[in-house]
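Asks: Below is the sequence, then the predicted model.
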Amino acid sequence: NLVLDDVVDTFESSRGTLTGKFLELVARARPLLAVTQPSSEMGPILASTKKGRICSTAADVHKFLHDVNHGRLSPEGNSDEIARYSKASQAAVLAGLLDKIVNNLAGKGGTGCLSACAERKSLKYTGWQAASATRIGEQAQ
């Protein structure tokens, strides 16, 4: 798997941005080669998941390919860390943040519908709007 990013850091707007595709590739069964700048936000994720490396020079790429060909990089990685970056986990984090916002605006505390739905794994990655509509309906009753 390969991710190409801004190697020379020419775009200020790209700092701090991780693509969904990058996170999908972390979950796949092969090591991930990220051609990007050494300070990229991908680095800590690749290090904690043990799913690949950042390479910013031809020598880095050569070493990565050599290590893959000689079995020095495990394709499995750290499954607990990989799970933190799954769509379901990221949806649960987003739901928790949205619950806090809604609860603060409503002046209420406690666990909201979005977090509860995410914990039950009934929340789809892009389906939090339905859970939010349910919550609004419950409050109206």
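Replies: Done, it's in. Numbering: from 1, shown residues only.

Asks: Could you pick out the longest helix of the chain?
Replies: helix 87-106 (DSSP state H).

Asks: and it, C-alpha only, in CSV?
Replies: The C-alpha trace of helix 87-106 is given here as CSV (Å, rounded to 0.1, in the frame of the first residue of the first chain):
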residue,chain,number,x,y,z
LYS,A,87,-14.5,4.0,10.9
ALA,A,88,-16.6,2.6,13.8
SER,A,89,-14.1,4.0,16.4
GLN,A,90,-13.8,7.3,14.7
ALA,A,91,-17.6,7.5,14.4
ALA,A,92,-17.9,6.9,18.1
VAL,A,93,-15.4,9.7,18.8
LEU,A,94,-17.4,12.0,16.6
ALA,A,95,-20.7,11.0,18.2
GLY,A,96,-19.2,11.7,21.6
LEU,A,97,-18.1,15.2,20.6
LEU,A,98,-21.5,15.9,19.0
ASP,A,99,-23.3,14.7,22.2
LYS,A,100,-21.2,17.1,24.2
ILE,A,101,-22.0,20.0,21.9
VAL,A,102,-25.7,19.2,21.9
ASN,A,103,-25.8,18.6,25.7
ASN,A,104,-24.0,22.0,26.3
LEU,A,105,-26.4,23.8,24.0
ALA,A,106,-29.4,22.2,25.7
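
Asks: May I see the buried residues of it?
Replies: Judged by neighbour count using 16 or more other C-beta atoms under 10 Å, the buried positions of helix 87-106 are 91-92, 94-96, 98-99, 102. In this view, the C-beta of every residue, glycine as well, is placed from N, C-alpha and C.

Asks: do you know how far the closest residue to Pro31 other than its chain neighbours is from Leu94?
Replies: Of all residues not flanking Pro31 in the chain, Leu73 sits nearest, at 4.4 Å (C-beta to C-beta, 6 or more residues apart in numbering). Separation of Leu73 from Leu94 (C-beta to C-beta, to the nearest Å) stands at 31 Å.
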